[in-house]
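> give me a model of this one.
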Amino acid sequence: MLMTWFQFLAGALLVIIAGTKLTRSADVLGRALGLGTGWAGVLLLPLATSLPELVTSLRAAIIHAPDLASGNLFGSNLFNITIIALVDLMQGKGSIFLHVKRGHALAASLGILLMFISGTGILFPFPFLWGSWIGLDTVLLMGGYLAAAMLLTAYEKHNNSFLVKHNPTCNGEKIVEKDNYLALTPPRWAFVHFIAAAAVILFAGVALTDAADIVAIETGLGRTFVGSIMLAVATSLPEVVTTTTAARLGRLDMAMGNIFGANMYNMFILSIIDICYLPGSLLQAISTKHLWTIAMGIILTSMAITGLVNRSRRSVGWLSLNSIFIVAGYLVAVAVLFYTRGG
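Numbers count the residues shown, from 1 in each chain. Here you go, the predicted structure:
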């Protein structure tokens with residue numbers, strides 16, 4: 001058991017180191033492509049930070065553990081939203097929602113749509129389009145993510161070109177430099193750093209997940225709870241590190257975008273896992289208890305959208321009211337999953 005905890009801590013340390021490099025590299029690449037840090041957070045960072053979710057859920061599907069595979073993704077979505085509160089705490093007094101673009105509400109809304117599709121697939125079986133293997137739900141999730149990615153890219157390009165046209169000195173957004181990595185690193189090296197950091201996160205994330213899974217199983221908890229809470233938190237550590245690093249560097253839009261982008265990408269991963277789950281439809285094979293996790297994920301995301309649109313200045317100490325409600329909602333979700341565990 002001692003070696004398991006050592007593996008967990010070593011994996012966490014590697015993720016922290018790689019996550020910092022990943023964030024800075026994504027910053028350089030986003031600007032080099034003329035799409036800004038918001039795009040880098042929504043679409044570029046999740047490709048690397050969600051690698052642990054991809055590998056872990058894929059492994060669970062292959063060994064015919066669908067509840068563990070899907071619970072990891074739904075639980076990760078739920079936990080990712082609570083990272084907003086951590087970023088809120090780091091950025092200083094006042095609401096984080098006052099310092100980021102309202103446009104993040106678009107990515108958040110698209111994430112809700114994808115979660116809704118997955119929840120519908122649990123309640124009502126979608127027709128199969130390819131034997132008893134690939135269903136309409138798989139196509140909707142995969143196609144929905146790709147369409148959302150194109151929509152967000154077009155939005156970011158339009159938004160940046162509009163800002164540059166009216167204020168050429170801003171380069172599409174306000175830059176607050178807190179280190180010299182952006183100025184000293186050419187895009188080609190940033191790409192190499194990004195790939196290398198992603199590889200480290202993949203290796204460390206899997207080791208971290210394996211250790212967390214062993215610890216969780218020895219407690220006697222059910223697979224639904226283990227996947228939705230224990231495993232989800234472990235595999236979401238890259239999101240925590242990259243998001244908080246972005247916040248520390250003053251890239252609040254990248255931080256916020258990474259949260260909503262990771263949730264969208266998790267639903268794309270769900271479609272991949274569904275294809276790899278050979279016994280049949282993944283969503284029809286899992287427990288209906290996951291509907292609670294999905295519902296709470298939608299509710300917490302809606303709270304975040306409210307904060308983005310309303311932009312209230314009300315706060316309690318260093319946290320906005322929206323962040324407090326998000327954390328409270330997450331704790332309620334965990335409590336319900338704990339007391340209904342066993343599947």
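
> please make it C-alpha for all contacts and neighbour counts, starting now.
OK.

> and residue 249, how many neighbours does it have?
18 (other C-alpha atoms under 10 Å).

> residue 142 is in contact with residue 117, correct?
No: contact criterion C-alpha atoms under 8 Å: residue 117 and residue 142 do not qualify, at 10.9 Å.

> residues contacting the closest residue to residue 93 other than its chain neighbours?
Once flanking residues are discounted, residue 93 sits nearest to residue 318: 4.6 Å by C-alpha to C-alpha, 6 or more residues apart in numbering. Residues near residue 318 by C-alpha atoms under 8 Å, 6 or more residues apart in numbering: 88, 89, 92, 93, 94, 95.

> higher neighbour count, residue 117 and residue 142?
Using other C-alpha under 10 Å as the criterion, residue 117 and residue 142 rank with residue 142 on top: 20 against 16.

> so what touches stretch 266-277?
Stretch 266-277 has contacts (C-alpha under 8 Å, 6+ apart) with 50, 53-54, 57-58, 61-62, 64, 66, 69-70, 73-74, 76-77, 114-115, 118, 133-134, 137-139, 141-142, 145, 281-283.

> hmm, which of those are the buried ones?
Among those, those scoring as buried are 50, 53-54, 57-58, 61, 64, 66, 69-70, 73-74, 76-77, 114-115, 118, 133-134, 137-139, 141-142, 145, 281-283 (criterion: 16 or more other C-alpha atoms under 10 Å).

> so residue 49 makes contact with residue 240?
No: judged on C-alpha under 8 Å, residue 49 makes no contact with residue 240 at a distance of 9.2 Å.

> what about those two, which has more around it?
Using other C-alpha under 10 Å as the criterion, residue 49 and residue 240 rank with residue 49 on top: 31 against 26.

> got a pLDDT number for the more buried one?
Listed pLDDT for residue 49 reads 75.

> let me see the contact set for the residue nearest to residue 59 when sequence neighbours are not counted.
Using C-alpha to C-alpha, 6+ apart and skipping residues adjacent in sequence, the residue nearest residue 59 is residue 69, 7.8 Å away. Counting by C-alpha under 8 Å, 6+ apart, residue 69 touches 56, 57, 58, 59, 60, 61, 227, 273.

> recalculate using a threshold of 6 Å.
By C-alpha atoms under 6 Å, 6 or more residues apart in numbering, the contact set of residue 69 is 57, 60, 61.

> for it, pull up the helix or strand it's in.
For residue 69, the enclosing helix or strand under DSSP states H and E is helix 66-90.

> quick one: that helix to chain centroid distance?
Taking C-alpha atoms, centre = their mean, to the nearest Å, one finds the center of helix 66-90 at 7 Å from the center of the full chain.

> for stretch 322-334, same thing?
On the basis of C-alpha atoms, centre = their mean, stretch 322-334 sits 17 Å off its chain's mean C-alpha point.

> need the residues that contact the one helix or strand residue 111 maps to.
Element membership of residue 111, judged by DSSP H and E, is helix 104-123. Here helix 104-123 makes contact (C-alpha under 6 Å, 6+ apart) with 260, 264, 283, 284, 298, 305.

> quick check: pLDDT value at the spatially closest residue to residue 200 that is not a sequence neighbour.
Leaving out its chain neighbours, the residue that sits closest to residue 200 by C-alpha to C-alpha, 6+ apart is residue 18, at 6.4 Å. Looking at residue 18, its pLDDT reads 74.

> ok, residue 18 touching residue 197?
Yes: with contact defined as C-alpha atoms under 6 Å, residue 18 counts as touching residue 197 (4.8 Å).

> just the buried residues of the contacts of residue 318.
The neighbour count (16+ other C-alpha under 10 Å) marks 88, 89, 94, 95 as buried among the contacts of residue 318.

> now flag whichever of those is closest to residue 4.
Checking those against residue 4 with C-alpha to C-alpha, the nearest one is residue 89 at 31.2 Å.

> what about the strands in the stretch 101-250 of the chain?
In the stretch 101-250 of the chain, the strands defined using DSSP state E, counting those that start in this stretch lie at 128-130, 134-135.
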